[in-house]
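Chemist: show me how the following folds:
(chains A and B)
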Amino acid sequence: MNKTELLTRVLNELKEEFGDAVIESKTHAGDRQTRVSREKIHEICTWLKEKHSFTYMVDMIAADRFTSEDRFELIYHLMSLKTGLRVFIKTWLPEENPTLPTVSDIWTAANWNEREAWDMYGIRFDNHPDLRRIFLPEDFKYHPLRKEFPLLGIPGSLELPSTTPDSE
Amino acid sequence: MELKNRITDKGKPTFFKEHQIALYKSLEDKHTTVEVEEDPLGTRMILNMGPQHPATHGVLRLLLELEGEKILRTRLDIGYLHRGVEKIAENKTYQEFMPYTDRMDYLSPYSNNVALCTAVEKIAEVDVPDRAQWIRMIGCELARISSHLLYLGAMVMDSGAISFFIWTFKERERLYDIFDNFGGHRFTISHSRIGGVHNDLSPEVIEMIEEFCEDFPKRIVDWKKLLNKNRIFYDRNNGVGAISYDDAIKLGLTGPNIRAVGIPFDMRKFDPYLKYDEVEFEVPTRLEGDNLARYYIRMEEMGESIKIIKQCLEKMQKGPIRTDNAKKSYPSKDEVYYSMEGLIHDFMMTDTGICPPAGVESYHAIEAPKGELGFYIQSDGTGHPWRLKINSPSFTNLQGLEKMLDGEMIADTVVMIGGVDPVMGDSDK
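Modeler: Numbers count the residues shown, from 1 in each chain, chains lettered A, B, ... in the order given. Reported below is the predicted structural model:
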């Protein structure tokens, strides 16, 4: 059985198990992304890990769709080291107060990835052990990868140390 | 609780105040189950290391809580080299963005170029001629050797031997010379193009690579003689920074770090790209999961890379080096200079660039020297990516470092950073 068939089987089982929570599936160039409802995301992730040995979290991708409804998107990129399958589970979040349950209890690797999603897009994760910004300092109040953030940045948004010597 | 009060009381940040306080707070909160409230001997301290520290391989900052010489818990603070390349990518065409990838993992620029180009080729469905793929493979493997050489030099220097760094740099210098003739640049090569490569290999550079392939294995033999049974080096690395099989998977380590716990996870075998399914090579693995295992793996990998390069040179046939489809890749310079269509196509490629179909997304990863380097691209049908996410190996591995450091000795910190081999340009994006 090749990988495509195997992946189809896994996704069919997912559909059977969770029914309406699995919304749609799209394929391009051999990668298939499955969109699920955000209420079930934690259960689906647990199920994938327990049932289909997706024990390895490769990455987590946040994106800004810039639409009025369901503005943000979060993609869980999982991998099974046993079968070599990659699965992309995607979920949409509202613009106002985007929050998801953390999956860092399932894969420790999600810890930093969730911090990155918080830093760059302002997506919050419930029960995350240490939700701080990862790249930018806490003093910074914007989420720079959101589409409305200007490419040149916002002048004065960060207090920088004085570069003039003996300025005291 | 006495100690807790002390961290934030004593450390009065003057700069990025909220950030520093949050970091101290987070260190305090880490494993809250282990609470020592009294410290009668005054052996507990918080040590800040970096971001300007010669042994942290760039601008890594560590906050270590020590009890005497033992590290109780650690917090890593990254982001001092954050340039927002993902934001830049959204505002550039795919080809324009390619030189930025050179500056990510700046120890192996060639692999990064190839990673981006293969990812774009996947989403836009561009075919690449065989010869270009072989050239890319040679470049990638040379970059792997170059990166591992720096690892080797820096790590051995971290464990106490200065001269070694100079020897590995002598070999790296030769690699720079090869790259100079390869694509016209020594360091940031930007040689790969979407749909192929920039220029063909000249007979001189092939000769240089062949010479290097003959000569370099002898150096490896010498270095192995020096290091493998060296008591100081062995003791300094054996059992240091060990990580278990389960933890390595949970933390999602990648590259030589995960192969050091016995998982033969290598994208070249796992999910072959370019022509890696047509060459023969081994994926070295070890079981110990410590620093020494990582050293052995990288040492073996350099030998394997030489094997791959030799096979590439043998199997490479003459042929085009870039796809001959003006809608999908740049035309050759000859065409641009001598035909009007060529000039128009060149202009169109620069102006609009290659446009993948609207609303599609895909992921492609290669095995960079430090692990899986992947690009997740979402397209909206224009020449700019809507979203380009970089899955960088150093970011993933540094998360593992935070775990590895807990419970080790302070003197081993530097060796462990060297062993994990992070590049901050890569992890900070």
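Chemist: what does the longest helix seen in chain A rub up against?
Modeler: Longest helix in chain A by number of residues, with DSSP state H as the criterion: helix A:3-18. Contacts to helix A:3-18, defined as Cβ atoms under 8 Å, 6 or more residues apart in numbering or on different chains, come from residues A:22, A:25, A:30, A:32, A:34, A:36, A:40, A:43-44, A:47-48, A:51-52, A:83-85, A:87. No exception for glycine: its C-beta is placed from N, CA and C like everyone else's.
Chemist: for chain A, give me the ranges with low pLDDT.
Modeler: Low-confidence segments of chain A, defined by pLDDT under 70: A:1, A:166-168.
Chemist: so where do the helices sit in it?
Modeler: Listed in chain order, the helices found in chain A under DSSP H are A:3-18, A:41-52, A:110-121.
Chemist: going along the chain, name the helices of the stretch 1-150 of chain B.
Modeler: Here the stretch 1-150 of chain B has its helices, by DSSP state H, counting those that start in this stretch, at B:2-10, B:17-29, B:85-90, B:94-102, B:109-124, B:130-158.
Chemist: angle of the fifth one against helix B:130-158?
Modeler: For the pair helix B:109-124 and helix B:130-158, the angle between their directions (axes from the mean of the first three to the mean of the last three Cα atoms, to 10 degrees) equals 140 degrees.
Chemist: output the contacting helices and strands for helix B:109-124.
Modeler: For helix B:109-124, the contact count by 3 or more Cβ pairs under 8 Å, 6 or more residues apart in numbering or on different chains; DSSP states H and E identifies helix B:94-102, helix B:130-158, strand B:192-193, strand B:358-368, strand B:371-380 as packing neighbours.
Chemist: among the ones you listed, which comes closest to B:Ile410?
Modeler: Each of the helices and strands packed on helix B:109-124 was scored for nearness to B:Ile410 using Cβ to Cβ, and the closest is helix B:130-158 (13.5 Å).
Chemist: tell me the mean pLDDT for the very next helix or strand once past the closest one?
Modeler: Taking DSSP states H and E as the definition, the helix or strand that follows helix B:130-158 towards the C-terminus is helix B:162-183. Looking at helix B:162-183 alone, the average pLDDT works out to 89.
Chemist: which residues touch B:Leu63?
Modeler: With contacts defined as Cβ under 8 Å, 6+ apart, the neighbours of B:Leu63 are B:23-24, B:27, B:46-49, B:74-77.
Chemist: got the buried residues for the longest helix of chain A?
Modeler: Across helix A:3-18, burial judged by 16 or more other Cβ atoms under 10 Å in any protein chain shown covers A:7, A:10-11, A:14.
Chemist: helix A:41-52 and that helix, what's the angle between them?
Modeler: Between the axis of helix A:3-18 and that of helix A:41-52 there is an angle of 130 degrees, by the same axes, to 10 degrees.
Chemist: can you name the residues of the stretch 1-150 of chain B that neighbour chain A?
Modeler: B:15-19, B:21-23, B:26, B:29-30, B:78-79, B:82, B:84, B:86-88, B:91, B:122-123, B:125 (Cβ under 8 Å from any Cβ of the partner chain).
Chemist: now the buried members of those.
Modeler: Buried by 16+ other Cβ under 10 Å: B:16, B:19, B:21-23, B:26, B:30, B:78-79, B:82, B:84, B:86-87, B:122-123, out of the residues of the stretch 1-150 of chain B next to chain A.
Chemist: least confident pick among those?
Modeler: Lowest confidence among those: B:Lys30, with 71.
Chemist: who are the neighbours in contact with that residue?
Modeler: A:130, B:73, B:75.
Chemist: relative to B:Arg103, which of these is nearest.
Modeler: Once Cβ to Cβ is applied, the member of the contacts of B:Lys30 that ends up nearest B:Arg103 is B:Arg75, at 26.7 Å.
Chemist: give me the number of residues near residue 156?
Modeler: Since you didn't name a chain, this refers to chain A. 7 (other Cβ atoms under 10 Å in any protein chain shown).
Chemist: chain B, not that one
Modeler: Using other Cβ under 10 Å, B:Val156 has 26 neighbouring residues.
Chemist: pLDDT weak spots in the stretch 251-400 of chain B?
Modeler: Using pLDDT under 70, the stretch 251-400 of chain B has no residue that qualifies.
Chemist: of the contacts of helix A:3-18, buried ones?
Modeler: Buried among those by 16+ other Cβ under 10 Å: A:22, A:25, A:32, A:34, A:36, A:40, A:44, A:47-48, A:52, A:85, A:87.
Chemist: of those, which pair is most distant in space?
Modeler: Counting by Cβ to Cβ, the most remote pair of the buried ones among the contacts of helix A:3-18 is A:Lys40 and A:Leu85, 20.5 Å apart.
Chemist: look up how far chain A lies from B:Glu300.
Modeler: For B:Glu300, the distance to chain A (Cβ to the nearest Cβ, to the nearest Å) stands at 21 Å.
Chemist: that residue contacts B:Arg286, doesn't it?
Modeler: No. The pair B:Glu300 and B:Arg286 fails to qualify as a contact (Cβ atoms under 8 Å) at a distance of 9.1 Å.
Chemist: let me know the pLDDT of B:Leu3.
Modeler: On pLDDT, B:Leu3 comes in at 49.
Chemist: returning to that earlier point: closest one to A:Glu114 among the helices of the stretch 1-150 of chain B?
Modeler: Once Cβ to Cβ is applied to those, the stretch that comes out nearest is helix B:17-29, at 14.2 Å.
Chemist: for the closest one, which helices and strands make contact with it?
Modeler: For helix B:17-29, where contacts count as 3+ Cβ pairs under 8 Å, 6+ apart, the packed elements are helix B:2-10, strand B:61-67, strand B:70-77.
Chemist: report pLDDT for B:Arg136.
Modeler: According to the per-residue confidence, B:Arg136 scores 91 in pLDDT.
Chemist: what's the local residue count around it?
Modeler: There are 27 residues near B:Arg136, going by other Cβ under 10 Å.
Chemist: name the nearest residue to it, sequence neighbours excluded.
Modeler: On the basis of Cβ to Cβ, 6 or more residues apart in numbering or on different chains, the spatially nearest residue to B:Arg136 that is not a chain neighbour turns out to be B:Val114, at 5.0 Å.
Chemist: any idea how far B:Glu141 is from that neighbour?
Modeler: Relative to B:Glu141, B:Val114 is positioned 11 Å away (criterion: Cβ to Cβ, to the nearest Å).
Chemist: ok so, going back, B:Glu204: which of the helices and strands packed on helix B:109-124 is closest?
Modeler: Counting by Cβ to Cβ, B:Glu204 lies closest to helix B:130-158 out of the helices and strands packed on helix B:109-124; the figure is 14.4 Å.
Chemist: relative to strand B:358-368, how tilted is that closest one?
Modeler: Taking the same axes, to 10 degrees, one finds that helix B:130-158 is oriented at 50 degrees with respect to strand B:358-368.
Chemist: got the residue ranges for the strands in chain A?
Modeler: For chain A, the strands defined by DSSP state E occupy A:22-28, A:31-36, A:56-64, A:72-79, A:86-93, A:99-101, A:124-126.
Chemist: a markdown table for those strands, including distance to B:Pro109?
Modeler: Below are these laid out as a markdown table (distance: least, Cβ to Cβ, whole Å):
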| stretch | distance to B:Pro109 |
| --- | --- |
| strand A:22-28 | 29 |
| strand A:31-36 | 26 |
| strand A:56-64 | 22 |
| strand A:72-79 | 25 |
| strand A:86-93 | 26 |
| strand A:99-101 | 36 |
| strand A:124-126 | 34 |
